[in-house]
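Undergrad: How does the following fold in three dimensions:
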Amino acid sequence: MTDRKRVRIHHFADMKARGEKIAMLTAYDTPTARIFDAAGADILLVGDSLADNILGFDDTSAVELDDMIPFARAVSRGASAAFVVADLPFGCYEISPEQAVASSIRMMKLGGPNAVKFEGGRRVARQVKAVTEAGIPFMGHLGFTPQSENALGGRRIQGRGDGALEAMLADAVALQDAGAFAIVLEMVIEPVATAITRELSIPTIGIGAGPHTDGQVLVWLDMAGVGDWHPSFSKAFGSVGSHLHGAAADYVNEVKRGTFPGPEHTFST
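TA: Coordinates of the predicted model:
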């Protein structure tokens, strides 16, 4: 447990105003949520990235809302101070504002996060407005949007080319006007991310978008050195994967040799 005060939605605007960076990490279960909460993370994101990072799917499009809810519930239980945001996965908000509100309500009631997030700009502005008018905090997501990977032609850096800044800024302003409290900018070239951050009154949170956004987010497995995909925009702040492998290998070896459990691990009477 942490003795920090709970992070609330109004704190993010205050942080942007005073130039304090927002630290955000993904989390998918209670133990890691507790660790990241105690470490001081401001936001924990229950991302649809659990599809390929946790559940073994090839991309995020396979995960369903009902898949997401138990993970959101687990993270919400583990976060005593951090603000918890849960993704709405592909297919549960695009059809209409009514669908987006229904999915958001289901996530909030059963998953217990503090806010929801889904992808898109002007094309989902009506959905965002309906969600925020229903009293549900909303975080946006622009740039590389993994749910649209097929339409984008793969994991491509965004913000390049004539008119790209203007188009992304229009999307960002549409989300802001619809009530978003913050926007993730993923794999956006630094000048575009910086310009959008400067123009918006709400915070931006970058992932592969340079150092001048109002905050940063990483998938925790990338941050901690777990797994075999190491994006160039990320940094491994630990070697958890190799340490976990070593611990598992030591356990297997001791079991095979018969040295575990020892007398100190055994009930004799």
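Undergrad: Check which residues of stretch 96-116 are buried.
TA: Across stretch 96-116, burial judged by 16 or more other CB atoms under 10 Å covers 97, 99-101, 103-104, 106-108, 111-116. Quick note: C-beta positions are derived from backbone N, CA and C, even for glycine.
Undergrad: Mark which of those residues are part of helices, please.
TA: Among the buried residues of stretch 96-116, DSSP state H puts Pro97, Gln99, Ala100, Val101, Ser103, Ser104, Arg106, Met107, Met108, Gly111 in helices.
Undergrad: For the first one, list the residues it contacts.
TA: Contacts for Pro97 (CB atoms under 8 Å, 6 or more residues apart in numbering) come out as Arg126, Gln127, Lys129, Ala130, Val131.
Undergrad: same thing but 6 Å
TA: Pro97 sits next to Arg126, Gln127, Ala130 when contact means CB atoms under 6 Å, 6 or more residues apart in numbering.
Undergrad: tilt between the strand or helix carrying Asp67 and helix 97-111?
TA: Assessed by DSSP states H and E, Asp67 sits inside helix 65-78. Put simply, helix 65-78 runs at 40 degrees to helix 97-111, going by axes from the mean of the first three to the mean of the last three CA atoms, to 10 degrees.
Undergrad: quick one on the thing from earlier: closest to Ser268 among the buried residues of stretch 96-116?
TA: Nearest to Ser268 among those: Gly112, at 44.5 Å, using CB to CB.
Undergrad: Report pLDDT for that closest one.
TA: What the model reports for Gly112 is a pLDDT of 98.
Undergrad: I'd like the list of the contacts of Pro97 that fall within helices, please.
TA: Arg126, Gln127, Ala130.
Undergrad: any chance you could map the helices in the stretch 1-150 of the chain?
TA: 9-18, 30-39, 50-53, 65-78, 97-111, 125-133, 149-152 (DSSP state H, counting those that start in this stretch).
Undergrad: in the second one, what's buried?
TA: Okay, so that is helix 30-39. Buried-residue list, helix 30-39, by 16+ other CB under 10 Å: Thr30, Thr32, Ala33, Arg34, Phe36, Asp37, Ala38.
Undergrad: For the closest residue to the second one other than its chain neighbours, give me phi and psi.
TA: It refers to Thr32. In this structure, Thr32 finds its nearest non-sequential neighbour in Trp220, 6.4 Å apart by CB to CB, 6 or more residues apart in numbering. Main-chain dihedrals, Trp220, degrees, to the nearest 10: phi -60, psi -30.
Undergrad: looking at it, Trp220 is touching Met24, isn't it?
TA: No: using CB atoms under 6 Å, Trp220 is not in contact with Met24; the gap is 10.3 Å.
Undergrad: since we're on Ser232, how many residues are nearby?
TA: 7 (other CB atoms under 10 Å).
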